[in-house]
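K.L.:
Pasting the sequence and the predicted model now:
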There are 2 protein chains.
Amino acid sequence: MIFGFDGGELKILLIERNEEPFKDWWALPGNLVRANESLDQSASRILNELTGLGDIYMEQYYTFGDPDRHPQGRVVSIAYYALLRLGGDKALKPISTYAKQAHWVNVKDLPKLAFDHQQIFDKGLEKIKRRIKHQPIAFELLPEKFTLTQLQNVYELILGKKLDKRNFRKKMLSFGVLRDLDEKQKGVSFRAATLYRFDKRKYAKLFGKEISF
Amino acid sequence: MIFGFDGGELKILLIERNEEPFKDWWALPGNLVRANESLDQSASRILNELTGLGDIYMEQYYTFGDPDRHPQGRVVSIAYYALLRLGGDKALKPISTYAKQAHWVNVKDLPKLAFDHQQIFDKGLEKIKRRIKHQPIAFELLPEKFTLTQLQNVYELILGKKLDKRNFRKKMLSFGVLRDLDEKQKGVSFRAATLYRFDKRKYAKLFGKEISF
DNA sequence: CCAAAAGTGTTCCCTCTACACCCATGC
DNA sequence: GCATGGGTGTAGAGGGAACACTTTTGG
């Protein structure tokens, strides 16, 4: 389950199936594990094949294996989610034989999904919601330099609710993991916002303590 | 990974292997998924075969599948944890051919474990720690009627730290999910404690809200 | 009467929440 | 000059943490 954020909307990568069962349906991308790779490696490889990207934040979140989830017999799916920034227009190649095309779809406009993929999506989103409160995964969705409003936007989209601007800023800055870049946004037709960068060093020190973003 | 609480110590069920590889080593119990059962069903069945018990709280927590975790080729293990109360002396039958015997072992005295089972244990315990703070899983380890001290004990053993008695009681009672049974502990050589029961109805109402035990 | 655990309140501090207005910029 | 989002402070309430003594019971 691959999430992308383009600065405005939260999207997920879906493929259109080219094979029975569920031919022409939309589905979450996935593939088989190869003989000599770990599960994490496999997930990274599959992501790379789809997007061309490497070094992306991923996390295994649940394994689905009901005997009747695939009409042709048991398929065990080990689900991962990945978070990445959509820089402008990443071309997505429709790869493998079983997919016609791949598309970024707004998570608010999900079509009907093949198999039990709706359930897999729901469970993943729930896990991400939980995690974003305690770990700095939001930064994985943002470019290196970002504004506080963009950061808040990510939180609001994932949590599915509005947050108070002043409280959000106060809290975020209080963790001391954001570095003010003394630099402003450009090309906007209103007051330019300050750009920040996530400081991994400082976060590492903080780590271990339970924090609540 | 099967946790049991006997009123005093937190224990885990280990088997002594009777087969290579890792013959005579201790290991977490496990078995193969059958053709027509779901993963959850499979976990329940395996638990039942080991302990004779049914209707036990279980939860899938992670899937391990490194190609070299088993010397004879890739084995994918879908790990679950189970929580149950040890009533006195449940006889544990050494079952299946690959185990000589099964024993309840204090989690503080874990022996060296076969394969990557130490890692599987660590990850599971970590998940339980996280979960016990937000969901009432501690009750699964206790008998129906229990004292607040016993409940606190479970929390302390799982979290691995001492808690303040007054604060703990205040908080627990404030959730309103414990019913005072107007009944006292018996057979103790000191002041008898009040017995409580977990009230699932009230918990169900509370559910959905994030709570922090 | 001694040992062992049960039971009980208050204070302080910190964090969360709610809330509204002026500022800078581009067009 | 207007529209758009950027940026800022404070007061009140609630929750978490620290802390010690009296009570009950069995032996």
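P.N.:
Ah, there it is.

K.L.:
Can you get me a residue count around the residue in chain A that DNA strand C sits nearest to?
P.N.:
Using C-beta to the nearest atom of the strand, the single residue of chain A nearest to DNA strand C is A:Arg191, 3.3 Å away. For glycine as for every other residue, the C-beta is placed from the backbone atoms N, C-alpha and C. By other C-beta atoms under 10 Å in any protein chain shown, 7 other residues sit near A:Arg191.

K.L.:
Please, which helix or strand holds it?
P.N.:
Under the criterion DSSP states H and E, no helix or strand holds A:Arg191.

K.L.:
Give the buried residues for the helix or strand bottoming out on mean pLDDT in chain A.
P.N.:
The weakest-scoring helix or strand in chain A, judged by mean pLDDT, DSSP states H and E, is helix A:200-206 (a mean of 84). Using 16 or more other C-beta atoms under 10 Å in any protein chain shown as the test for burial, helix A:200-206 gives A:Tyr203.

K.L.:
hmm, it in reach of DNA strand C?
P.N.:
No. Helix A:200-206 lies out of reach of DNA strand C by C-beta under 7 Å from any atom of the strand, never closer than 12.7 Å.

K.L.:
and chain A, which of its residues are near chain B?
P.N.:
A:33, A:35-39, A:60, A:62-67, A:74, A:76, A:78 (C-beta under 8 Å from any C-beta of the partner chain).

K.L.:
Tell me the buried residues within those.
P.N.:
Buried among the residues of chain A next to chain B (16+ other C-beta under 10 Å): A:33, A:37-39, A:60, A:62-67, A:74, A:76, A:78.

K.L.:
closest to DNA strand D among these?
P.N.:
A:Tyr62 (28.4 Å).

K.L.:
That closest one in helix, strand or coil?
P.N.:
What DSSP: H, G, I helix; E, B strand; the rest coil gives for A:Tyr62 is strand.

K.L.:
A:Leu47 too?
P.N.:
Per three-state DSSP, the secondary structure class of A:Leu47 is helix.

K.L.:
Any idea what the residue nearest to A:Asp199 when sequence neighbours are not counted is bridged to?
P.N.:
Of all residues not flanking A:Asp199 in the chain, A:Arg179 sits nearest, at 4.8 Å (C-beta to C-beta, 6 or more residues apart in numbering or on different chains). Counting by DSSP bridges, A:Arg179 is bridged to A:Arg197.

K.L.:
can you give me the helices in chain A?
P.N.:
For chain A, applying DSSP state H gives helices covering A:39-51, A:117-132, A:148-159, A:165-174, A:200-206.

K.L.:
quick one: is stretch A:117-135 near DNA strand C?
P.N.:
No. Using C-beta under 7 Å from any atom of the strand, stretch A:117-135 stays clear of DNA strand C, with a minimum separation of 10.0 Å.

K.L.:
chain center to that stretch: distance?
P.N.:
10 Å (C-alpha atoms, centre = their mean, to the nearest Å).

K.L.:
Mind exporting the C-alpha coordinates of that stretch to CSV?
P.N.:
What follows is stretch A:117-135, C-alpha atoms only, in CSV (Å, rounded to 0.1, in the frame of the first residue of the first chain):
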residue,chain,number,x,y,z
HIS,A,117,-8.2,-5.0,-0.7
GLN,A,118,-10.6,-2.6,0.9
GLN,A,119,-10.0,-4.4,4.2
ILE,A,120,-6.3,-4.3,3.7
PHE,A,121,-6.4,-0.6,3.0
ASP,A,122,-8.6,0.1,6.1
LYS,A,123,-6.3,-1.8,8.4
GLY,A,124,-3.2,-0.1,7.0
LEU,A,125,-4.7,3.4,7.3
GLU,A,126,-5.6,2.6,10.9
LYS,A,127,-2.1,1.6,11.7
ILE,A,128,-0.7,4.7,10.1
LYS,A,129,-3.0,6.9,12.1
ARG,A,130,-1.8,5.3,15.3
ARG,A,131,1.8,5.5,14.3
ILE,A,132,1.8,9.1,13.1
LYS,A,133,1.0,10.2,16.6
HIS,A,134,4.1,8.7,18.1
GLN,A,135,6.7,8.7,15.4
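
K.L.:
Need the contact partners of that stretch.
P.N.:
Under the criterion C-beta atoms under 8 Å, 6 or more residues apart in numbering or on different chains, residues A:1, A:3, A:12, A:27-28, A:59, A:61-62, A:64, A:77, A:79, A:81, A:83, A:107, A:110, A:112-113, A:137-138, A:155, A:158-160, A:210-213 lie in contact with stretch A:117-135.

K.L.:
again, but for stretch A:152-165
P.N.:
So stretch A:152-165 is contacted by A:5, A:8-10, A:107, A:125, A:128-129, A:132, A:138, A:141-142, A:149, A:168-169, A:213 (C-beta under 8 Å, 6+ apart).

K.L.:
For the buried ones among these, write the corresponding PyMOL selection.
P.N.:
To isolate the buried ones among the contacts of stretch A:152-165 in PyMOL, judged by 16+ other C-beta under 10 Å, type:
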select buried, chain A and resi 5+9+10+107+125+128+132+138+141+142+168+169+213
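
K.L.:
Just give me the closest of the contacts of stretch A:152-165 to DNA strand D.
P.N.:
Lowest distance from DNA strand D to these (C-beta to the nearest atom of the strand) belongs to A:Thr149, with 3.4 Å.

K.L.:
Touching, that closest one and A:Ala193? I think so.
P.N.:
Yes. The pair A:Thr149 and A:Ala193 passes the contact test of C-beta atoms under 8 Å, sitting 6.1 Å apart.

K.L.:
Now the terminal residues of stretch A:166-182, how far apart.
P.N.:
End-to-end distance of stretch A:166-182 (C-alpha to C-alpha, to the nearest Å): 20 Å.

K.L.:
Does DNA strand D have contacts with it?
P.N.:
Yes. Stretch A:166-182 is in contact with DNA strand D by C-beta under 7 Å from any atom of the strand, via A:166-167, A:169-170.

K.L.:
Mark which of the residues you listed are buried, thanks.
P.N.:
Buried among the residues of stretch A:166-182 next to DNA strand D by 16+ other C-beta under 10 Å: A:Arg169.

K.L.:
what stretches of chain A score poorly on pLDDT?
P.N.:
Scanning chain A for pLDDT under 70 picks out A:88-97, A:207-210.
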